[in-house]
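Chemist: just to be clear, the model below is a prediction. Sequence and coordinates:
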Amino acid sequence: MSTSTLIMAVHAQEILDSRGNPTLTVTVELGGGLQASASVPSGASTGANEAVELRDGDASRYGGKGVRKAVVSVEQAIADAVRGLDALDQAALDHRLIDLDGTSNKARLGANAMLGVSMAVARAAAAAQELPLYAYLGGRGATLLPMPSMNVLNGGKHADSGLDFQEFMIVPVGAPSFAEAMRFGAETYAALRRLLRKDRLSTAVGDEGGFAPALPSNEAACDYIVAAIEEAGYKPGVDVAIALDPAASSFGSNGSYYVGRNGGRIDRAGLLELYGRWIETYPIVSIEDGFAEDDWQGFVDQNAAQGGQIQVMGDDITVTNPRFIQEAIERKAMNAVLIKLNQIGTVTETVSAVNLCHRTGWKVMVSHRSGETIDSFIADFAVATAAGQIKSGAPCRGERLAKYNRLMVIERELGDKAVFANPFANQPRLQERVQ
Ligand code: PGA
Ligand code: ZN
C-alpha cells in the first residue's frame, strides 16, 4: 500500500451557512500532500430522529448555535482515531467514526463533525485517484443525471410568507437533458417573478431561493405556479410539473393538522382528501412529508390511495436512516425516500440508505438543507448513486446554484454517456396529459 493516500491530518473551522448560522468546514490532508475540504449543511425543519447536530449551547455566541465543540471533536478525538487510515477505504473510515462515537444518534462527536470528515476524506480520495468525485464514489456506471425539483415558492419554516406548506417545487419533466431542465426551471421562475410583480406581491426570496409572497392560500401558490409555467411557454404537467413538500410535521401531529389562513383543524382523512383534490386539479407528480413524522398511518393511507398516481415520499419520517426506511418498506408507507447526508452523518451510511431504496424499487431524491454552503458534494453524490432526482432549491442564491451548476458541468463532462430520464414517465396522469 502506498502511503500517499494515508490520512495525515484533519482540521476543522467554524464558518457560516446561508442563514448566517455557524457550521463546519473540514480539511483533510493525505500523506502525498493532497488536501481536500468539505462543508456541512444544516436544516430548519428537522426530523426528530435525525443524527444530532452538535451545537455549543453557549448563549454568548451566535445565540448558542456555535459549533466549537464540533470543531474540537474533529481536531482531537476524530483526528487521533483516523490518522493513518487509508482515505481510499471510505467504509473503514466511516465505521471508525461510528465506533468512536458509540451512540445510536451521533450525539457524542456530532453528526456535523463526522459528516464533514467523511465528505472531506471522500473528496481527498477522489483527488488522489485523479477522478471526479461522482466517478470515484460511483464508478464507471455513474452516468445518470438527476431530475431537479426547484423550490420556487417558500413557506413553512423557510419564509414568512404565511404559507403553511413549506415547498412548492417545479419539476421540468419534459426536458431532454439536465441543462435544459435548468433552463425550463429558470424560465418558469422568471415568469413567476413577473406574475408576482404584476400583482404587486413581494419577490423577495426565502431560505431556499423561492419567492415568499404573502399569498392567501396554499391553492393560490399552485395557481401561480401553473400560470407561470404557461407564461414561460410550457405545458403544465407535460413540460413542467409540480412537486410539494408540505413538511406536515410543522403544522400537525397525532393525525391532527392545522391548515390554511385560519389554521382550521383537519384530521388525517381530511388532509388525504385535500391532497386527492389537489392531485386532480394540479399537475402534481410528488408529495413529500404529506403527513407528520409521527403519523405512520397517514403515510400508509396515502401510499395506498395515491401511491399509484404520484410519488409518495418520506423525509422527516425516514431521516435517511436504513432502520426507518426498512420499517417504511415493511409497512408500505411510501414509494420514495428523500436522502440527506447530514440526517445520518456519514457517506457510507447514506449510500446504504440509497441502495436499500434501489433494491426495493423505490425512488430516491438527494436533497440539500435549507441552511447550505457553496459545497456541491450532493451533486456528485446524486450522480454517483444513480439517485435519479435532486432538490437544491430555486434557480436562485449561490449556495443553491452551486449544486445545479456542478451537475451541468458533470453532464457536459460525461458527454454522450450522460443519461437523463423523467422518473415520473410511468405515472398514469402524466401519460394522459401527454396524449
Ligand atoms: P430543512 O428542510 O433543510 O429545513 O430540514 C428541507 C426539507 O424539509 O426537505
Ligand atoms: Zn422535507
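Modeler: Yep, that arrived. Numbering: from 1, shown residues only. Ligands and ions are numbered 1, 2, ... in the order given.
Chemist: for the residue of the stretch 101-250 of the chain found nearest ligand 2, what are its contacts?
Modeler: With C-beta to the ion as the measure, D245 is the residue of the stretch 101-250 of the chain nearest to ligand 2, at 4.3 Å. Backbone N, C-alpha and C define where each C-beta goes, glycine included. Residues near D245 by C-beta atoms under 8 Å, 6 or more residues apart in numbering: 151, 165-167, 169, 287-289, 315.
Chemist: who does it form a beta bridge with?
Modeler: Legend: beta-bridge partners of D245 under DSSP bridges are E167.
Chemist: pull out the buried positions in stretch 160-177.
Modeler: Neighbour counts over stretch 160-177 (16 or more other C-beta atoms under 10 Å) mark 161, 163-175 as buried.
Chemist: then stretch 234-249?
Modeler: So stretch 234-249, judged by 16+ other C-beta under 10 Å, has buried residues 234, 236-237, 239-249.
Chemist: and the end-to-end length of it?
Modeler: Terminal residues of stretch 234-249 are spaced 33 Å apart (C-alpha to C-alpha, to the nearest Å).
Chemist: do the same with stretch 24-40
Modeler: 6 Å.
Chemist: next one: stretch 133-153
Modeler: With C-alpha to C-alpha applied, stretch 133-153 spans 31 Å between its terminal residues.
Chemist: with stretch 95-115 instead?
Modeler: End-to-end distance for stretch 95-115, by C-alpha to C-alpha: 12 Å.
Chemist: what does that stretch contact?
Modeler: Here stretch 95-115 makes contact (C-beta under 8 Å, 6+ apart) with 12, 23-24, 26, 38, 40, 42, 49-54, 67, 69-71, 73-74, 77-78, 81-82, 85, 117-118, 341-349.
Chemist: filter the residues you listed down to the ones in helices?
Modeler: Mapping the contacts of stretch 95-115 onto helices (DSSP state H) picks out 69-71, 73, 81-82, 117-118, 341-344, 347-349.
Chemist: for H158, give me the pLDDT.
Modeler: pLDDT recorded at H158 is 87.
Chemist: list the contacts of it.
Modeler: Taking C-beta under 8 Å, 6+ apart, we find H158 in contact with 44-45, 166-167, 206-208, 210, 212, 370.
Chemist: what's whichever residue of the stretch 1-150 of the chain sits closest to ligand 2 sitting at in phi/psi?
Modeler: Relative to ligand 2, the nearest point of the stretch 1-150 of the chain is S45 (6.6 Å; C-beta to the ion). Here is the backbone geometry of S45 (degrees, to the nearest 10): phi -100, psi 80.
Chemist: tally of neighbours for it?
Modeler: S45: 18 surrounding residues under other C-beta atoms under 10 Å.
Chemist: quick one: contacts for it?
Modeler: By C-beta under 8 Å, 6+ apart, the residues touching S45 are 156-158, 166, 247, 249-250, 316, 370.
Chemist: so which of those reach ligand 1?
Modeler: 247, 370 (C-beta under 6 Å from any ligand atom).
Chemist: so which of the contacts of H158 comes closest to A122?
Modeler: Closest approach to A122 among the contacts of H158 (C-beta to C-beta): S370, at 23.4 Å.
Chemist: what does the stretch 201-350 of the chain have sitting close to ligand 1?
Modeler: Within reach of ligand 1 by C-beta under 6 Å from any ligand atom, the stretch 201-350 of the chain has these residues: 245, 247, 315.
Chemist: for the first one, give its distance to D316.
Modeler: Going back to what we said before, that points to D245. According to C-beta to C-beta, to the nearest Å, D245 and D316 sit 10 Å apart.
Chemist: ok, back up a step: now do the residue of the stretch 1-150 of the chain closest to ligand 2, the pLDDT please.
Modeler: Reading off the model, S45 has pLDDT 91.
Chemist: now M1
Modeler: 58.
Chemist: do E411 as well
Modeler: pLDDT, read off for E411, is 99.
Chemist: contact partners of the biggest helix by length in the chain?
Modeler: Criterion DSSP H: the longest helix present in the chain is helix 178-198. With C-beta under 8 Å, 6+ apart as the test, helix 178-198 has contacts from 145-148, 150, 152-153, 170, 172, 174-175, 202-203, 211, 213, 224-225, 227-229, 231-234, 239-240, 394-396, 404, 407-408, 411-412, 418, 420.
Chemist: quick one: which of those sit in strands?
Modeler: Among the contacts of helix 178-198, the members falling in strands are 145, 147-148, 150, 152-153, 170, 420 (criterion: DSSP state E).
Chemist: can you list the residues you listed in TSV and add distance to G298?
Modeler: TSV is the format used below for the ones in strands among the contacts of helix 178-198 (distance: C-beta to C-beta, whole Å):
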residue	distance to G298
L145	32
M147	26
P148	27
M150	26
V152	26
L153	23
I170	25
F420	33
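Chemist: which of the residues you listed lies closest to I7?
Modeler: For the ones in strands among the contacts of helix 178-198, the minimum distance to I7 (C-beta to C-beta) is 31.5 Å, reached by L145.
Chemist: middle-most residue in this protein, spatially?
Modeler: Closest residue to the average C-alpha location of the chain: S367 at 1.2 Å, with C-alpha atoms, centre = their mean.
Chemist: which residues sit in contact with that one?
Modeler: S367 makes contact with 315, 338-340, 378, 390-392 under the criterion C-beta under 8 Å, 6+ apart.
Chemist: phi first, then psi, for whichever residue of the chain sits closest to ligand 1.
Modeler: Residue nearest to ligand 1 within the chain: G43 (2.8 Å; C-beta to the nearest ligand atom). Torsion angles at G43 (phi, psi; degrees, to the nearest 10) stand at phi -90, psi 160.
Chemist: wait, a helix at Q389?
Modeler: No - remark: Q389 does not belong to a helix; assigned using DSSP: H, G, I helix; E, B strand; the rest coil, it is strand.
Chemist: isn't P283 up against L244?
Modeler: No - counting by C-beta atoms under 8 Å, L244 is not a contact partner of P283; they are 11.5 Å apart.
Chemist: what about R197, how many residues nearby?
Modeler: R197: 12 surrounding residues under other C-beta under 10 Å.
Chemist: up against ligand 2, what does this protein have?
Modeler: Neighbours of ligand 2 within the chain, by C-beta under 5 Å from the ion: 245, 289, 315.
Chemist: outline the domain layout of the chain.
Modeler: Structurally, the chain divides into domains by automatic domain parsing as follows: 3-130, 144-434.
Chemist: is it possible to get CSV of the ones you listed that adds distance to G138?
Modeler: Shown next, in CSV, are the domains of the chain (distance: least, C-beta to C-beta, whole Å):
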stretch, distance to G138
domain 3-130, 11
domain 144-434, 3
